[in-house]
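K.L.:
Quick one, what's the 3D model for this:
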Amino acid sequence: MAIYHCSIKTISRGKSQSAVAAAAYRAGEKIYNEYDGRTSDYTRKKGIAHTEIMLPDNAPAEFSDRAVLWNAVERVEKAKNSQLAREIEIALPKCCFCTVNNSSHIVEQDFMWNSTVKE
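P.N.:
As a prediction, this is how the structure comes out:
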């Protein structure tokens with residue numbers, strides 16, 4: 001039997017979370033957070049099949065760099081309880097999609113809005 005799920009979470013400073021740290025973890029990268037001066041290093045994390053940043057047409061090109069994008073988010077949001085990002089996790093049965101590229105295309109076309117940055 002195929003199992004699927006959808007989970008939507010908010011990344012918030014009020015919960016002592018960081019958009020930069022969350023992005024570094026999900027991508028398995030090392031990113032310096034300009035807001036708090038910490039470096040999040042998840043380069044040893046295993047099991048990351050694919051990472052991608054999808055930008056709307058009107059977004060600055062430099063936001064295709066994960067560190068630039070998420071440090072800009074941290075810089076713009078000033079409040080102690082800022083909601084910095086939303087994580088939308090969709091797990092679909094393997095039988096529904098053949099490749100990572102196909103599932104990425106489906107997410108872009110069917111689940112996301114054209115004006116949001118998707119990572």
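
K.L.:
Is Ser40 bridged to anything, and to what?
P.N.:
Ile31 (DSSP bridges).

K.L.:
Could you check how many residues crowd around it?
P.N.:
Using other CB atoms under 10 Å, Ser40 has 18 neighbouring residues. For the C-beta atoms, the positions are set from N, CA and C on the backbone; glycine is no exception.

K.L.:
wait, what's in contact with it?
P.N.:
18, 20-21, 24-25, 30-31, 33 (CB atoms under 8 Å, 6 or more residues apart in numbering).

K.L.:
change it to 7 Å
P.N.:
Ser40 makes contact with 20-21, 24-25, 31, 33, according to CB atoms under 7 Å, 6 or more residues apart in numbering.

K.L.:
separation between it and Ile3?
P.N.:
For Ser40, the distance to Ile3 (CB to CB, to the nearest Å) stands at 31 Å.

K.L.:
And Glu77, by the same measure?
P.N.:
The gap separating Glu77 from Ile3 is 35 Å, by CB to CB.

K.L.:
Next: Phe63.
P.N.:
Noted for Phe63: a distance of 34 Å to Ile3, by CB to CB.

K.L.:
still on that earlier bit, and Glu77 and Ile3? which has more neighbours close in?
P.N.:
Each of Glu77 and Ile3 has its neighbours counted (other CB under 10 Å); Glu77 has more, 17 against 7.

K.L.:
What does the pLDDT read for that one?
P.N.:
Glu77 is assigned a pLDDT of 91 by the prediction.

K.L.:
Assess the claim that it and Leu84 are in contact.
P.N.:
Yes. At 5.7 Å, Glu77 and Leu84 qualify as touching, with contact defined as CB atoms under 7 Å.

K.L.:
What is the three-state secondary structure of Glu62?
P.N.:
Under DSSP: H, G, I helix; E, B strand; the rest coil, Glu62 falls in the helix class.

K.L.:
Check what pLDDT the residue lying closest to it once chain neighbours are set aside gets.
P.N.:
For Glu62, ignoring the flanking residues on the chain, the nearest one in space by CB to CB, 6 or more residues apart in numbering is Val68 at 5.1 Å. According to the prediction, Val68 has pLDDT 96.
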